[in-house]
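>>> Pasting the sequence and the predicted coordinates here, then a few questions.
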Amino acid sequence: MRKSDLRPVKFQFARRPGVVHDGQVQIVDAIVNVPRQRARARVLVPTMGALHKGHEELIRVARERAGRDGEVVVSIFVNPLQFEPGGDYERYPRPEREDEEFCRKLDVDLLFRPSVAEMYPENSSVFVDEALLSSVLEGKSRPGHFRGVCTVVAKLFNILQPNAAIFGQKDFQQLAIIRRMVRDLNFKIDIAAVPTVREEDGLACSSRNAYLNAEERKQAAVLRKALRAAKDSGKKSAKEIVDLARQAISGAPLARIDYVDVVDAESLQSIESVKPNSLLAVAVYFGKTRLIDNILLP
Ligand code: PAJ
């Protein structure tokens, strides 16, 4: 028996009437064992685990959407298809016990943790490709990434059959692409977005923050400051905004910029001057760790 198995579970949330709670989240590791929806609503939070405050907020919103009698489902699957060759797939954190405990504390009904072998049989040959929004920003820097994301999310939707699914605005492009996939492939699933959850110094919570050493972690706070400064400048020219953000980020000696761009928040295409619903998006390396963040303009 592991030490974490012995820890008493303290619940932070009120128990829901009409639902039997033995302090356990139902954990399902095989597709065939996924229970049919029993409740009025099933709300899914897809994740890759190493759960943090950002995920916690998604799960809280999922509970709100599901209602007291609905089901909240969290999936944890480190999806090999969305990592580029030579990327951090192998070293991506997988704290299984802590994640189970996390879900238990947040009153999650079902934790779905499929294996790679089951999700991707050896001769898998059907994938989901979004052809427009995926060609810019993250898609340009990480070819094949959104094909992996769309494919796995479509599979999770089919396996778990949720009525709604919750995504974070930290991954703004991912959210836009999932919305497009749901529209274009006619999934009957509502997509809800949750604003970015941040650490005290403004750094967006991310499972990858764990890779940062102390100095990188300290300097990474520059991202939020740069986004805010660029936004607060009130400039209309995208070039001026990008220059301001780049300058601010360069103030952190360990930062290595991948991209800084101002785009239309719907089409994700670069724009020259800020209009309602524009987005400033950045991707920056600190050491080997690549972080992304964004802010809506004006
Ligand atoms: P993961 O990085 O684990 O993120 C799971 C969900 O949490 C995503 O919707 C993401 O946008 C959201 N999230 C992460 N950090 C957040 C933060 N600081 N504030 C608010 N939301 C945050 O994104 C993925 O996994 C994968 O690509 C996935 C969609 C699961 C497909 O494999």
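Structure received.

>>> Provide a list of residues in contact with P95.
When contacts are counted by Cβ atoms under 8 Å, 6 or more residues apart in numbering, P95 is found next to G49, A50. Quick note: C-beta positions are derived from backbone N, CA and C, even for glycine.

>>> Work out for me the element L296 sits within.
Element membership for L296 (DSSP states H and E) is strand 289-297.

>>> partners of that strand in the sheet?
strand 278-286 (antiparallel) (DSSP bridges).

>>> Could you tell me which residues within the strand it pairs with count as buried?
Along strand 278-286, the positions that meet the burial threshold by neighbour count (16 or more other Cβ atoms under 10 Å) are S278, L279, L280, A281, V282, A283, V284, F286.

>>> With adjacent residues omitted, what lies nearest to the first one?
The reference is to S278. Leaving aside its chain neighbours, S278 sits nearest to L297 (4.3 Å; criterion: Cβ to Cβ, 6 or more residues apart in numbering).

>>> How about the contacts made by the one you found?
With Cβ under 8 Å, 6+ apart, L297 has these contacts: K231, I241, V262, V274, S278, L279, L280.

>>> Please apply the same query to R142.
E84.

>>> re the thing from before, got the contacts of L297 as a markdown table, with pLDDT and distance to the ligand columns?
Below are the contacts of L297 laid out as a markdown table (pLDDT from 0 to 100; distance: Cβ to the nearest ligand atom, whole Å):
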| residue | pLDDT | distance to the ligand |
| --- | --- | --- |
| K231 | 98 | 18 |
| I241 | 98 | 23 |
| V262 | 98 | 21 |
| V274 | 97 | 24 |
| S278 | 98 | 20 |
| L279 | 98 | 15 |
| L280 | 98 | 17 |
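
>>> is it true that V43 touches I59?
No - in this structure, V43 is not within contact of I59 by Cβ atoms under 8 Å, at 9.3 Å.

>>> neighbour-wise, which of these two wins?
Relative neighbour count places V43 above the other of V43 and I59, with 28 against 25, counting by other Cβ atoms under 10 Å.

>>> Surely that one is within a helix?
No - following the definition DSSP: H, G, I helix; E, B strand; the rest coil, V43 is strand and is not counted among the residues of a helix.

>>> Could you measure from it over to E272?
Distance check for V43 against E272: by Cβ to Cβ, to the nearest Å, it reads 40 Å.

>>> quick one on the thing from earlier: so for V43 and I59, which residues contact both of them?
By Cβ under 8 Å, 6+ apart, V43 and I59 have these common neighbours: V72, I166.

>>> got the residue ranges for the helices in the stretch 101-250 of the chain?
Here the stretch 101-250 of the chain has its helices, by DSSP state H, counting those that start in this stretch, at 116-119, 137-141, 145-160, 172-184, 214-219, 222-232, 238-250.

>>> Could you dump those into TSV and include mean neighbour count and distance to G49?
Shown next, in TSV, are these (neighbours: other Cβ atoms under 10 Å; distance: least, Cβ to Cβ, whole Å):
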stretch	mean neighbour count	distance to G49
helix 116-119	12	13
helix 137-141	19	20
helix 145-160	21	13
helix 172-184	20	16
helix 214-219	15	21
helix 222-232	20	23
helix 238-250	18	29
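
>>> Let me have the ones you listed in JSON lines, adding distance to F77 as columns.
Written out in JSON lines, the entries for the helices of the stretch 101-250 of the chain read as follows (distance: least, Cβ to Cβ, whole Å):
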{"stretch": "helix 116-119", "distance to F77": "7"}
{"stretch": "helix 137-141", "distance to F77": "19"}
{"stretch": "helix 145-160", "distance to F77": "7"}
{"stretch": "helix 172-184", "distance to F77": "15"}
{"stretch": "helix 214-219", "distance to F77": "27"}
{"stretch": "helix 222-232", "distance to F77": "27"}
{"stretch": "helix 238-250", "distance to F77": "32"}
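
>>> closest to V25 out of those helices?
Across the helices of the stretch 101-250 of the chain, V25 has its closest neighbour in helix 145-160 (14.6 Å, Cβ to Cβ).
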